[in-house]
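Student: Sequence plus the predicted model coming up.
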Amino acid sequence: MRFRLPHLLVILVIATVLTGGCQSHESGVTVQTLLEDEGPTSESWNPDMRINDGGVRRIHMKAAYMARYETPDSTYLVMSALNEESERVHVFIFDTLGDTSAVVTSQTITYFERQGRFVAQGDVIVEARDDRWLFSEHLAWSDNTSRIGTPGLATITTPTQTFSGYGLDADEDLNDFSLARVSGVVVIEDE
């Protein structure tokens, strides 16, 4: 039997359609896929979260939106603004006496509960005591060490100094800090 090319093409198309139509179609939803879902375990709008340590306030976080995620090895919260017009995320950090040592403002805060640390991202601004400010795009804070760090560019301003550099490591008050590849301005007052 001799087939011409158009007939052979028609037979291949029909065979492909028939074999494709005979496949088993499953929804793919099982208990295991539901457990592996990467969505949040809970959500909240306008959360106001406070964390105390031994009866002393340590952290106060406020945001427009919060999602809680639980994985086998971690539980974390993602707090964020809802859109460009909504309030940014605010984190108030308190010292061991319960006094405000810094206020962190950013677009997103991810708080890792078990480790007692958070990561701020998106136009991060830190206001500390004594009119000290920190500006960065990324910042990490640890409750265990009471230290602030950022791998990228950071700028610290005080009433008399402005420093920019990379690899910031600082205390919560921004009094004790180190930077790499630093540039800066220091104002020296005449007496």
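Tutor: Good, I have the coordinates. Residues are numbered from 1 along each chain as shown.
Student: drop to CA atoms for contacts and neighbour counts, all remaining ones
Tutor: Will do.
Student: Using the three-state scheme, assign T145.
Tutor: Three-state call for T145 (DSSP: H, G, I helix; E, B strand; the rest coil): coil.
Student: do the same with L174
Tutor: Following three-state DSSP, L174 is assigned to coil.
Student: And the helices in this protein?
Tutor: For the chain, the helices defined by DSSP state H occupy 5-21, 31-35.
Student: so where's this structure shaky on pLDDT?
Tutor: 1-37, 186-187, 190-191 (pLDDT under 70).
Student: cutoff 80 now
Tutor: Along the chain, the parts satisfying pLDDT under 80 run over 1-38, 84-86, 182, 184-191.
Student: can you give me the offset of stretch 136-151 from its chain's centre?
Tutor: The chain centre lies 12 Å from the centre of stretch 136-151; the measure is Cα atoms, centre = their mean, to the nearest Å.
Student: Distance-wise, check the spatially closest residue to T110 that is not a sequence neighbour relative to T105.
Tutor: Nearest residue to T110, sequence neighbours excluded (Cα to Cα, 6 or more residues apart in numbering): V78, at 4.5 Å. The gap separating V78 from T105 is 14 Å, by Cα to Cα, to the nearest Å.
Student: now do R58
Tutor: Distance from R58 to T105, by Cα to Cα: 16 Å.
Student: who's more crowded, the two?
Tutor: Per other Cα atoms under 10 Å, whichever of R58 and T105 has more neighbours is T105, with 25 against 21.
Student: Any idea what the more buried one is bridged to?
Tutor: T105 has these beta-bridge partners by DSSP bridges: H90, I125.
Student: quick one: it from N175, how far?
Tutor: To N175, T105 is 19 Å away according to Cα to Cα.
Student: And for V103?
Tutor: Distance from V103 to N175, counting by Cα to Cα: 15 Å.
Student: A102 now?
Tutor: Taking Cα to Cα as the measure, A102 falls 11 Å from N175.
Student: out of these two, which sits in the more crowded spot?
Tutor: Between A102 and N175, A102 has the larger neighbour count (other Cα under 10 Å), namely 21 against 13.
Student: ok, the closest residue to that one other than its chain neighbours - contacts?
Tutor: Once flanking residues are discounted, A102 sits nearest to A128: 4.3 Å by Cα to Cα, 6+ apart. Counting by Cα atoms under 8 Å, 6 or more residues apart in numbering, A128 touches S101, A102, V103, E172, D173, L174.
Student: Since that was my last question, I'll sign off now.
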